[in-house]
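> here is my input, please return the structure:
(one chain, ligands or ions: 1)
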Amino acid sequence: MGQAVDPGDVDEDVRRVKVRGPDYAGLRGHGSGEHLDRCRRSLCDSYTACFSRASSRGECSKREKPVRVTAEMLRRQAGFVLETVRRIAHEPALGREFPRLLATGGRGTIRLRLPWLPFRLIDELQAVVSSGSRVFEYGGGGSTLWFLDRGAVVVTVEHHQGWAAVLQRSIGSDDWTLLAPSLADGPAEYVDAISSYPDDWFDVVVVDGRARARCVARALPKVKPGGLLLVDDIHRKKYAASAVRDAGWPRRDVIGFAPAKLSLGCTAVLTRPRA
Ligand SMILES: C[S@@+](CC[C@H](N)C(=O)[O-])C[C@H]1O[C@@H](n2cnc3c(N)ncnc32)[C@H](O)[C@@H]1O
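As a prediction, the model looks like this:
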């Protein structure tokens with residue numbers, strides 16, 4: 001249930017977000033032996049609560065948390081760097097985008113008003129998104145601001161109540177609809193958020209939040225013929241690879257540096273056939 005946050009992905013916007021309210025109430029199982037093990041392995045976003053609960057029951061020492069968390073973050077960060085170097089060695093053109101990442105100066109995506117997508121894909125989207133374009137996104141952030149800045153009409157579904165509040169504070173636009181269902185009872189409401197819109201409606205749908213495989217399946221009929229369905233982090237096994245294959249639409253995977261991210265990103269771009 002907890003949102004997995006790559007150490008390199010966390011920026012100053014989200015550090016201020018307190019995970020409380022309905023979303024927090026939904027994080028059942030934190031501190032349990034099984035969850036603690038998952039937490040140790042994957043550093044879910046509420047590892048602090050998990051370790052605190054476990055240490056209050058004597059299942060892990062107070063010292064264990066900072067040591068393990070720091071070690072895990074360093075291990076993952078080193079893994080990202082090694083993988084990035086390996087890929088650039090294989091495809092040197094990727095390295096030429098590194099200066100764009102440096103130019104973002106460590107700022108977060110909200111401050112940058114940029115999507116958390118490869119720079120080269122953002123460049124492509126410039127040609128696709130214009131005034132009046134209809135965009136639906138599972139997972140909001142800098143992308144929401146970027147689409148609105150281009151005059152698009154945007155619907156965002158955001159599972160994290162704290163992050164939804166950050167977005168609400170940052171955005172005041174009549175062209176924006178925010179839906180923020182709780183995941184406490186599972187992702188059905190989140191996945192279905194697109195269902196009330198007509199078929200063939202959106203120019204672009206971005207799947208970049210929770211339950212990605214289910215979101216892809218639900219979103220397919222809502223994309224216009226000729227429109228785009230983007231699925232971010234498609235290289236992660238759990239994310240929608242089979243749903244994307246089942247769609248049978250022409251697909252390209254765009255790999256590259258993205259703002260506020262030290263590792264390379266990979267986004268599947270599916271185009272709905274016109275006939
Ligand atoms: C990959 S992000 C979605 C990003 C969004 N589509 C964009 O491109 O800006 C998935 C989830 O992470 C959270 N999130 C968004 N922006 C974030 C940021 N700058 N730092 C940390 N978490 C963020 C939100 O809960 C969001 O639903």
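> ok, now how distant is residue 88 from residue 172?
40 Å (C-beta to C-beta, to the nearest Å). For glycine as for every other residue, the C-beta is placed from the backbone atoms N, C-alpha and C.
> which residues are in contact with stretch 215-230?
117, 121, 128, 136, 138, 190-192, 194-195, 197-209, 231, 240, 243-244, 246-247, 249, 267-275 (C-beta atoms under 8 Å, 6 or more residues apart in numbering).
> can you give me the neighbour number for residue 75?
11 (other C-beta atoms under 10 Å).
> stretch 140-153 near the ligand at all?
Yes. Where contact is defined by C-beta under 6 Å from any ligand atom, part of stretch 140-153 touches the ligand, namely 140, 141, 142, 143.
> quick one: terminal-to-terminal distance for that stretch?
14 Å (C-alpha to C-alpha, to the nearest Å).
> where do the strands sit along this protein?
134-138, 153-157, 176-179, 202-207, 223-232, 251-257, 264-271 (DSSP state E).
> let's have those strands in JSON lines, adding mean neighbour count and mean pLDDT.
Shown next, in JSON lines, are the strands of the chain (neighbours: other C-beta atoms under 10 Å; pLDDT from 0 to 100):
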{"stretch": "strand 134-138", "mean neighbour count": "26", "mean pLDDT": "98"}
{"stretch": "strand 153-157", "mean neighbour count": "24", "mean pLDDT": "98"}
{"stretch": "strand 176-179", "mean neighbour count": "17", "mean pLDDT": "97"}
{"stretch": "strand 202-207", "mean neighbour count": "26", "mean pLDDT": "98"}
{"stretch": "strand 223-232", "mean neighbour count": "21", "mean pLDDT": "97"}
{"stretch": "strand 251-257", "mean neighbour count": "18", "mean pLDDT": "93"}
{"stretch": "strand 264-271", "mean neighbour count": "21", "mean pLDDT": "93"}
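> hmm, back to that, which one of residue 88 and residue 172 is surrounded by more residues?
residue 88 (17 against 8).
> list the contacts of the more buried one.
Counting by C-beta under 8 Å, 6+ apart, residue 88 touches 94, 95.
> from residue 108, how far off is whatever residue of the stretch 1-150 of the chain ends up closest to the ligand?
Closest residue of the stretch 1-150 of the chain to the ligand, C-beta to the nearest ligand atom: residue 141 (2.6 Å). Distance, residue 141 to residue 108, using C-beta to C-beta: 9 Å.
> and residue 258, by the same measure?
Separation of residue 258 from residue 108 (C-beta to C-beta): 13 Å.
> and if you look at residue 190?
23 Å.
> now the helices: where do they sit in this protein?
Using DSSP state H, the helices found in the chain span residues 12-15, 22-25, 33-42, 47-56, 64-90, 98-103, 109-112, 119-128, 142-149, 161-170, 188-191, 212-219, 241-247.
> mean pLDDT lowest where, among those helices?
Note on the helices of the chain: lowest mean pLDDT is at helix 22-25, with a mean of 32.
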